[in-house]
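**Student:** Need a 3D model of the sequence below.
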Amino acid sequence: MRIMGLDFGSKTVGVAVSDSLLVTAQGVEIIRRKEENKLRRTLARIEELIGEYEVEEIVLGCPKYLNGGSGTRVALTEDFRDRLERRTGLPVHMWDERLTTVAAQKAMEETGVPREDRKDYVDMIAAIFILQGYLDRRQNGIMAECEET
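**Tutor:** Numbers count the residues shown, from 1 in each chain. From the prediction side, this is the model:
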């Protein structure tokens with residue numbers, strides 16, 4: 001069994017997958033689309049990756065504001081979650097993703113990734129942080145998903 005982590009953005013989806021022991025998260029790819037509302041190919045690619053990695057659960061980053069409030073991005077992400085659940089039949093857990101992009105940028109800076117190349121990796125690294133947070137909490141028996149709006 002593996003778990004997939006997703007960082008859903010307006011034109012990209014960062015993808016990470018756990019190891020089979022559910023201990024670590026590894027980056028897989030960034031799915032790019034030309035238009036925000038065009039999700040058919042994105043969902044099809046996620047389905048391919050689910051089969052390839054034998055994924056049984058999905059963790060989807062929930063983009064709440066720092067103060068805990070919700071905006072239009074949360075609503076769009078919840079709609080994406082609903083589409084994922086219908087299409088894949090897998091459980092999709094919403095997970096608080098606050099500051100994962102900041103953490104991803106910091107990690108790339110610390111490892112020497114040139115500033116101009118960071119945009120090519122940030123979504124995948126954010127997906128790693130989302131999934132790793134979920135895995136860590138799961139191992140400790142603490143499950144604090146993003147509250148529903």
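**Student:** from here on, contacts and neighbour counts on C-alpha atoms
**Tutor:** Fine.
**Student:** So which residues of this protein form helices?
**Tutor:** 40-53, 72-88, 100-110, 122-139 (DSSP state H).
**Student:** Kindly reformat those as a markdown table containing mean pLDDT and mean neighbour count.
**Tutor:** As requested, the helices of the chain are exported to a markdown table (pLDDT from 0 to 100; neighbours: other Cα atoms under 10 Å):
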| stretch | mean pLDDT | mean neighbour count |
| --- | --- | --- |
| helix 40-53 | 96 | 14 |
| helix 72-88 | 92 | 16 |
| helix 100-110 | 62 | 16 |
| helix 122-139 | 87 | 24 |
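**Student:** between those helices, which one is nearest to Cys62?
**Tutor:** Closest of those to Cys62 is helix 72-88, at 6.3 Å (criterion: Cα to Cα).
**Student:** Return the list of helices and strands in contact with that closest one.
**Tutor:** Counting contacts by 3 or more Cα pairs under 8 Å, 6 or more residues apart in numbering; DSSP states H and E, helix 72-88 is packed against helix 40-53, strand 55-62, strand 92-96.
**Student:** what angle do the shortest one and helix 122-139 make?
**Tutor:** The one in question is strand 92-96. 100 degrees (axes from the mean of the first three to the mean of the last three Cα atoms, to 10 degrees).
**Student:** Could you list the paired strands of strand 92-96 along with their orientation?
**Tutor:** Strands that pair with strand 92-96, judged by DSSP bridges, come out as strand 55-62 (parallel).
**Student:** Contacts made by the partner strand with the rest, please.
**Tutor:** Contacts to strand 55-62, defined as Cα atoms under 8 Å, 6 or more residues apart in numbering, come from residues 1-8, 17, 49-50, 74, 77, 81, 90-98, 127, 130-131, 134, 146.
**Student:** quick one: average pLDDT of that strand?
**Tutor:** Mean pLDDT, computed over strand 55-62, is 95.
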